Each structure stands twice: as C-alpha cells, then as structure tokens.
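Colleague: pasting the sequence and the predicted model now:
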Amino acid sequence: MSEQESPEAFGARARAWAASNLPRAEGRGIMEVDDEEELRIVASARELQKLIFDAGFAGIRYPTEYGGQGLTREHQLAWREATAGYQLPDVFNVTHGILAPTLLQFGTEDQKSAHLPKILSGQELWVQFLSEPSGGSDLAGLLTRADRDGDTFRLNGSKIWSTGAHFSDYCMVLVRTNMEAPKHRGLSMFMMPIRSPGVTVTPIKLVTGGSHFCQEFFDDVILPASYLIGAENEGWRVASGLLFHERNMVGGNSLNDHVYASGGEDDGDVVGELIAITKAVGRSQDALARQLVGEAIVLEALADPTINRINAQLRAGRMPPPAASIVRLLSGLKGFRLAEIALQIGGTRAVMEGRDDPVGVLGQRWLGARTGTIAGGSVEMQRNGISEHVIGLPREATPDRDVPFSQVLANRRQRG
C-alpha cells in the first residue's frame, strides 16, 4: 500500500474489504452481556483485530515502525465511515485509544518495539490500574507502593474499578515510589503483566449480572526497573498524558481506529429505536412519550455539532487541552439521559422482561448506563477541571498539595 494513497481511495478499498470480511454489528455491547458471553466477545475481538491487522488497516495513525499504517486523521475517518454498521473489535478501544498512545508518548524504544505491534495485531490487551479503594477522585493520593531494591521494585497495594482486567494481558499501574515527596511528585508509572506472581484479579459482580470491573491485589510483586514508563517519580506527568489521551478518545480525536461510544450508547439510530419502543409499548400517541422522544432528538441533533466544534478548536489550539473535558462531560451525560429516556418510555415492560426482549433489555442498559458518567473520571471531576483550567475559576483549597506524603494525616494513620 502506498503512503500517498488518498483518503478517498483508502476508504473505497476499506469499504470493499469490510463487505467481504467483517460480520454485521450484533447491536449489544460488552456491558449488556453475561460473563460467558463476554469471554466469547473478547475472543472474537482478538480474532477480528488480527484480521484487520493482516489486511493492513490496523493502527491507521500509528507509525509504520511499530506496525501501524503511518496515515492521517482523514484516512482514519474514512475507515470509520467505511466500517460503520460492521462488527469491530471494540474491546480494544481503551488499549488503542489510551494505553498505546501513552506508551508511544512516554515509553522507551524497547518498550514500544516489543509491545505496540502486538497491541495492534490483537495479541495484547492493556488496561489501566489507577483508582484505589480509599482514593475516591484524588488520584494523586494513592497508597499502592513500589519500593526499590537495586534494579527491581516490590509492589504492594490494591487497585479497583479496572474494566476488563480479568481478560487483559498488561496494565499500566500508577504507584507511589517516594513517600517523602509531595503526593504529585512521588509517583511512578509501570507497565506490568497482569498474570505476574503476586497479582490477584477479583471480578466485581455488578447489578447488571456481569463482572466487567475488577479489583486487583498486589502482594510483593517484583517488577524490573525496565518496566518503568517515564522516569522514576515522574509518574504524574505520565498519568496526565494518559488522561489527556482518554479525553481525546472520548472526543473522537484519539489514535483509536474505531469510534468510542460512552454511556452504553452505540452509534446506531437511537431516535429510531426510541420510536420503535414507543410503538411497541402502545405509547405512540402518549404526550409524555412523544415529549421524551423529542428530547432525544434534540440531544442527538446538538451533541455532534457541539463535540465537533470543540474538537476543531482543540486541534487549532484555540482552546486549552483540558477543554476536552467538555466533550467527556457531554458524552457521559448524553449517554445516561438517553438510557433514562428509553427506560421512561418502556415503563414496566422495560424492568419486568428479560434482556432477550427488545424492550426488556432497556432495564439492563439503564443499570449499566451510569458507568458512562463515572468511568474515565466522573462528570463531577470533569466539571471541576473545566471550571479551573478552561474558565479560570480558582481551585479549591488543597492543604496537602506540597506536604511530604508521609506527613499527610490520613496516611500517617494508615501507616500506624
């Protein structure tokens, strides 16, 4: 394939290939299935990613030296348009949209050469280990530690709410490596094989019946210093980059080849589905149901132009990078509200019937939709970031920001 191929020619070739090789979309995301079906979806995603890689369509904007295509955003958008309506390996969205770009930005040459081709070919799924049971939204206040011993580190602690850790291969884990530095300056980021000795992954059973999130426990896990991503004690810089790539993915600007859908909503005809639901439950003439469908139409009509405008401003440098939080906020709230509207229209049938019923599945979808307002940074945190870094409002008081972490009162108590 020539690097000079136009986006139009690339898109035409992608359309022809997709029609002959990709299955049509199934219509259910991984958050709507049980554990057994989840494993089937993951195995199928690995096979699909390998198929796409072998055909020369994987990693469209990744450098060729790491297995990518070295093409432009226009080529990426042409691929997305050409594959709309087909089944795609969406399980890799976080890996390709967040973790691999972070590795590309901060990793060593050895790390990138060893792992990026395997990531793009479907051999490796990566996940982020950031949140902790006691941390809330204060990411820099984490307690998981890695103590250095020569050329190795000994890792102890716990992480939580890691999506897909039980079927992933590697993680990026943010840990504390200096207790005497202020909390933002004593952190380090590591890559780690999830099946390393001393790592225990415990899936968390959700109200939806699935176990998509996990908690991890680390008991004297030995990590070589070569697993450091970025410099020791400069993990906050890497984590900030990771969060930037996360906001980019939610906004559709990332290196991920496929469209990321937050809030449990896919890119299908949401309004058409709501109209069909309204008819199925006999409410097509119901004033409230019609008003709810109207609200959904407005949400769908306004969301994409707003997101596109913000993304254009970001690419042109007319808005600061934290403005990507506006896209994250809008996407999360929109996804949850659409799931809520569907539930309101579906009524009793939506909560009484099972997931095999086209209306009954709405209850399951609503139960999982709140994750779209929490995962990747809660909407409350996005509002904080927008107010401080975009609008310029003053920060809330943070008296522990420049205090050695070992002297922060809560940590002194936990250390005994």
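Modeller: Good, I have the coordinates. Residues are numbered from 1 along each chain as shown.
Colleague: which residues of the stretch 101-250 of the chain fall in helices?
Modeller: Secondary structure of the stretch 101-250 of the chain by DSSP state H, counting those that start in this stretch: the helices cover 109-120, 235-250.
Colleague: for residue 56, which of those is the nearest?
Modeller: helix 109-120 (11.0 Å; Cβ to Cβ). Where you see a C-beta, it was placed from the backbone N, CA and C, and this is true even at glycine.
Colleague: residues contacting the residue nearest the centre of the chain?
Modeller: Note on the chain: the residue nearest the mean C-alpha position is residue 94, at 4.3 Å, using Cα atoms, centre = their mean. Applying Cβ atoms under 8 Å, 6 or more residues apart in numbering, one finds that residue 94 lies in contact with 126-128, 163-164, 249.
Colleague: now do 7 Å
Modeller: Residues counted as contacts of residue 94 (Cβ atoms under 7 Å, 6 or more residues apart in numbering) are 127, 163.
Colleague: just to revisit the earlier point, could I get the helices of the stretch 101-250 of the chain in JSON lines, plus columns for distance to residue 170 and mean neighbour count?
Modeller: JSON lines is the format used below for the helices of the stretch 101-250 of the chain (distance: least, Cβ to Cβ, whole Å; neighbours: other Cβ atoms under 10 Å):
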{"stretch": "helix 109-120", "distance to residue 170": "7", "mean neighbour count": "18"}
{"stretch": "helix 235-250", "distance to residue 170": "14", "mean neighbour count": "22"}
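Colleague: which one of those helices lies closest to residue 101?
Modeller: Nearest to residue 101, of the helices of the stretch 101-250 of the chain and by Cβ to Cβ, is helix 235-250 at 4.4 Å.
Colleague: the closest one packs against which elements?
Modeller: On a contact count with 3 or more Cβ pairs under 7 Å, 6 or more residues apart in numbering; DSSP states H and E, helix 235-250 meets helix 100-106, strand 170-176, strand 187-193, helix 324-346.
Colleague: contacts for that helix?
Modeller: Here helix 235-250 makes contact (Cβ under 7 Å, 6+ apart) with 97-98, 101-102, 105-106, 128, 139-140, 172, 174, 184-185, 187-189, 229-230, 254, 256, 260, 262, 321, 324-325, 327-328, 331, 376-377.
Colleague: now do the same for that helix: mean pLDDT, whole number.
Modeller: When pLDDT is averaged over helix 235-250, the result is 89.
Colleague: for the following helix or strand past it, buried residues please.
Modeller: Using DSSP states H and E, the helix or strand that follows helix 235-250 in sequence is helix 270-280. Counting neighbours by 16 or more other Cβ atoms under 10 Å, one finds that the buried residues in helix 270-280 are 270-271, 273-275, 277-278.
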